[in-house]
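Novice: What shape does this take:
(2 chains)
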Amino acid sequence: GAGVSQSPSNKVTEKGKDVELRCDPISGHTALYWYRQSLGQGLEFLIYFQGNSAPDKSGLPSDRFSAERTGGSVSTLTIQRTQQEDSAVYLCASSLGVGRGLLSGYTFGSGTRLTVV
Amino acid sequence: KQEVTQIPAALSVPEGENLVLNCSFTDSAIYNLQWFRQDPGKGLTSLLLIQSSQREQTSGRLNASLDKSSGRSTLYIAASQPGDSATYLCAVQTGANNLFFGTGTRLTVIP
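Specialist: Residues are numbered from 1 along each chain as shown, chains lettered A, B, ... in the order given. Presented below is the predicted three-dimensional model:
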């Protein structure tokens, strides 16, 4: 697509439920990133996918968080047993990745606002 | 480690004024610098990207400059409008998974 698409745009869930957030990157972008932004805070890196390489999961805050990227395209971020502190805006970005792609920067989606009640 | 600082943290200007936002970074080994706009609770919209070999980029009323050797970038907004009110973030990329964000400048344009 023309941009990075995220769904849903808003999600309200009860504490303890599982949620899935979806990201559809720009076609041809080999790199995909998940960030989260809590209210009034900066962006916190969560996970990075590059092509078929093993993802960099170093930013995932706990084992309740996981993500996958199927077929090198769409990615799903799953949060199990949600807690109130998981409430945040979850942002996905994609880029051309390595090589000359490093000159082209990131494109971000419009985010998913997650509220855990 | 790369550190990115933005000054000022907040800025209020009357409509129609020209303004400059500043961004500084500590390590000049970057691939690119991007300026983003973020509205409250929303995603990031890329405004301008300057590749490491470039000095400036322009889009409409926006002009961004890059002085890599001194670790500085500016975003110039001409004839500001209330719709320009948002938080502006600069970010430098130093690797495939190395994007360092500044602290942001919250801009308010007063009608």
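Novice: Hmm, residue B:92 is touching residue B:29, no?
Specialist: No: at 9.4 Å, residue B:92 does not count as touching residue B:29 under the criterion of CB atoms under 8 Å. All C-beta atoms are positioned from the backbone trio N, CA, C, and that covers glycine.
Novice: between the two, who's got more neighbours?
Specialist: It is residue B:92, of residue B:92 and residue B:29, that has more neighbours when counted by other CB atoms under 10 Å in any protein chain shown, with 29 against 11.
Novice: what sits against that one?
Specialist: Counting by CB atoms under 8 Å, 6 or more residues apart in numbering or on different chains, residue B:92 touches B:2, B:4, B:25, B:30, B:32-34, B:99-100.
Novice: Can you name the helix or strand that it falls in?
Specialist: strand B:86-95 (DSSP states H and E).
Novice: May I see the buried residues of that strand?
Specialist: Neighbour-count burial for strand B:86-95 flags B:86-94 (criterion: 16 or more other CB atoms under 10 Å in any protein chain shown).
Novice: just those now: which is nearest chain A?
Specialist: The closest of those to chain A turns out to be residue B:93 (CB to the nearest CB; 6.4 Å).
Novice: The closest one is in contact with residue B:99, isn't it?
Specialist: Yes: using CB under 8 Å, residue B:93 is in contact with residue B:99, at 5.1 Å.
Novice: Could you tell me which residues touch both of these two?
Specialist: Joint contacts of residue B:93 and residue B:99 (CB under 8 Å, 6+ apart) are residue A:106.
Novice: ok, the lowest-mean-pLDDT helix or strand in chain B: who's next to it in the sheet?
Specialist: Least confident helix or strand of chain B, by mean pLDDT, DSSP states H and E, is strand B:98-101 with a mean of 92. Take DSSP bridges as the rule and strand B:98-101 pairs in its sheet with strand B:86-95 (antiparallel).
Novice: How far does the partner strand sit from its chain's centre?
Specialist: Remark: strand B:86-95 is offset 6 Å from the chain centroid, using CA atoms, centre = their mean, to the nearest Å.
Novice: now swap in stretch A:53-63 and tell me
Specialist: Its chain's C-alpha centre and that of stretch A:53-63 lie 11 Å apart, by CA atoms, centre = their mean.
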